[in-house]
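Trainee: next comes the sequence, and after it the predicted model I'd like to discuss.
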Protein chains: 2
Amino acid sequence: MRLLVVEDEARLARALRRGLTADGFTVDVAGDGVSGLDRALTGQYDAVLLDVMLPGMSGYEVVKRLRAEDSWVPVMMVSAKDGPYDQADGLDYGADDYLTKPFDYVVLLARLRALLRRQSDPRPPVLSHGGVSLDPATREVTLDGHGVSLSRREHELLEFFLRHPDRVITKSELLDRVWDARGAYDPNTVEVYVGYLRRKLGAGLIETVRGSGYRLALLR
Amino acid sequence: MRLLVVEDEARLARALRRGLTADGFTVDVAGDGVSGLDRALTGQYDAVLLDVMLPGMSGYEVVKRLRAEDSWVPVMMVSAKDGPYDQADGLDYGADDYLTKPFDYVVLLARLRALLRRQSDPRPPVLSHGGVSLDPATREVTLDGHGVSLSRREHELLEFFLRHPDRVITKSELLDRVWDARGAYDPNTVEVYVGYLRRKLGAGLIETVRGSGYRLALLR
DNA sequence: GGGGGTGCTGTGAGTCCGCTGAGAACCTGT
DNA sequence: ACAGGTTCTCAGCGGACTCACAGCACCCCC
């Protein structure tokens, strides 16, 4: 279980890291709102412990932006404020639970566990473009509603395209990111697989940009 | 949204019913632990507001028995006690959130909404999918109404699949969660057991996702 | 309109993955 | 001790997948 602790008070951050590590979690610490948001978006965390009073960007703002970016990682807010309306605010911005300082470590742990227990099965959002949609969770791909069966490579290639629309993608980038090795393969391999996808999903989906690479067709 | 309020203080119960009804909930009230447990088990509630100090059976006991009966309805505990260990106790018995008296109605409402939001997918006591159903309490499995006898491993594997529909499950995840040890077993073991389940429950139930793992077949 | 370069596609070989039957080891109840 | 059931490994098979190759089509520039 990986946790991100966003807390600027160094003493408290150290204590939390020590305690939570001892209880079996892997803990990363961020010291301000901006880097906290950044790491929460890029790292694969099971939960985020988020202070409200932070330099740079408040905890409210962080959780709001997380939700705006479609990240549904469970967030527990921690604050020295204890007025009832503050609590309601934090929850309405999208936090999942709320704890006021000073808090008892036992309580933190129990609520953290409750949070992880009920949010154990988050679902990544479905990617779609035109009539094509791809569900990363079920590995299901549909074209205009009917299922299409793709091999593993085909699926990963399509997923990469769908995650980077509005951009030309070079063959060497694809070999790097989808095939995991730039030098080992012939660029023609990419051409072959783009051909497979076109055959299964329609020739118009992926456009060739001669001399540069490919990009998803613009929607009409 | 249907709520069950288990509270013996008549004044507070009336106030809660009035407020929550005004906010759009359908509210039932139980006055003691035994009838509260009974109604929570039989009625289809979206959440339960549960006092700790109750005549007959304490709130702790109620939530413990609910969970033992595999009822995963969201439970918010309410208590006059406010020591940290009491909170931890309630959460460890399986409550999802905890509120101490006296509480602000705005806070109650916000946390209740947060609770309902994240637990929008309560687990039904009996798992079923297509013609297959599995009762975790009795360990009974039926296919189109007739009983099927499964060994322990087969049962646990099936239960894991049924608890995670709409998702691809990798062999290493299964070894981790059903076999309790990732490294110790051959991935082929999983293939063998999937084969057993298919033989007993029909080949169509579990689909192979080549290169990734397995998933429950989509229902038509 | 010709030529070079770039991309597309049919063919096929080798590899990898998943399925299955057989059987050894173990556990459990009689 | 024995029988029956269960768990897991192993080896072989068949098919899906991956990828290289080679020839062809197309585009662009001259």
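Mentor: Structure's in. What do you need? The model shown is predicted, which means the values in this text are computed figures rather than measured ones.

Trainee: which pLDDT value belongs to the residue nearest to A:Gly130 when sequence neighbours are not counted?
Mentor: In this structure, A:Gly130 finds its nearest non-sequential neighbour in A:Leu219, 5.6 Å apart by Cβ to Cβ, 6 or more residues apart in numbering or on different chains. The way it works is simple: take the backbone N, C-alpha and C, and place the C-beta from them, glycine included. pLDDT, A:Leu219: 72.

Trainee: A:Leu219 in helix, strand or coil?
Mentor: Recorded secondary structure, A:Leu219: coil (DSSP: H, G, I helix; E, B strand; the rest coil).

Trainee: distance of it relative to DNA strand C?
Mentor: 20 Å (Cβ to the nearest atom of the strand, to the nearest Å).

Trainee: is it true that that residue touches A:Ser128?
Mentor: No. Counting by Cβ atoms under 8 Å, A:Leu219 stays clear of A:Ser128, with 10.5 Å between them.

Trainee: which of the two has more neighbours?
Mentor: Counted by other Cβ atoms under 10 Å in any protein chain shown, A:Leu219 and A:Ser128 do not tie: A:Ser128 has more neighbours, with 12 against 8.

Trainee: could I get the full set of helices for chain A?
Mentor: A:10-22, A:33-42, A:59-68, A:84-92, A:105-118, A:152-163, A:171-177, A:187-201 (DSSP state H).

Trainee: any idea which of those scores lowest on pLDDT?
Mentor: Looking at those, the bottom one is helix A:84-92 with a mean of 56.

Trainee: who's in contact with A:Gly130?
Mentor: A:Leu205, A:Ala217, A:Leu219 (Cβ atoms under 8 Å, 6 or more residues apart in numbering or on different chains).

Trainee: make that A:Leu20, sorry
Mentor: By Cβ under 8 Å, 6+ apart, the residues touching A:Leu20 are A:Leu3, A:Val5, A:Val27, A:Leu109.

Trainee: and those residues near chain B, which?
Mentor: A:Leu109 (Cβ under 8 Å from any Cβ of the partner chain).

Trainee: mind checking which of the contacts of A:Leu20 are in strands?
Mentor: Among the contacts of A:Leu20, DSSP state E puts A:Leu3, A:Val5, A:Val27 in strands.

Trainee: so which of these is surrounded by the most neighbours?
Mentor: Of the ones in strands among the contacts of A:Leu20, with other Cβ under 10 Å as the count, A:Val5 tops at 24 neighbours.

Trainee: tell me the bridge partners for that residue.
Mentor: A:Val29, A:Leu49 (DSSP bridges).

Trainee: against A:Tyr105, how distant is it?
Mentor: 13 Å (Cβ to Cβ, to the nearest Å).

Trainee: then A:Met1?
Mentor: 17 Å.

Trainee: surely A:Ser133 and A:Val126 touch.
Mentor: Yes. A:Ser133 lies in contact with A:Val126 (Cβ under 8 Å); the separation is 5.7 Å.

Trainee: residues in chain A within reach of DNA strand D, list them.
Mentor: Counting by Cβ under 7 Å from any atom of the strand, chain A comes close to DNA strand D at A:149, A:151-154, A:179, A:184-186, A:188-189, A:192-193, A:210.

Trainee: just the buried members of those?
Mentor: A:Arg153, A:Glu154, A:Trp179, A:Thr189, A:Tyr193 (16 or more other Cβ atoms under 10 Å in any protein chain shown).

Trainee: identify, from those residues, the entry nearest to A:Gly145.
Mentor: The closest of those to A:Gly145 turns out to be A:Glu154 (Cβ to Cβ; 19.3 Å).

Trainee: now that closest one, nearest residue through space, not along the chain?
Mentor: A:Tyr196 (5.5 Å).

Trainee: measure A:Glu159 to A:Thr138 for me?
Mentor: 13 Å.

Trainee: next: A:Thr26.
Mentor: 28 Å.

Trainee: quick one: which of these two has more around it?
Mentor: Shown here are A:Thr26 and A:Thr138; by other Cβ under 10 Å, A:Thr138 has more neighbours (18 against 12).
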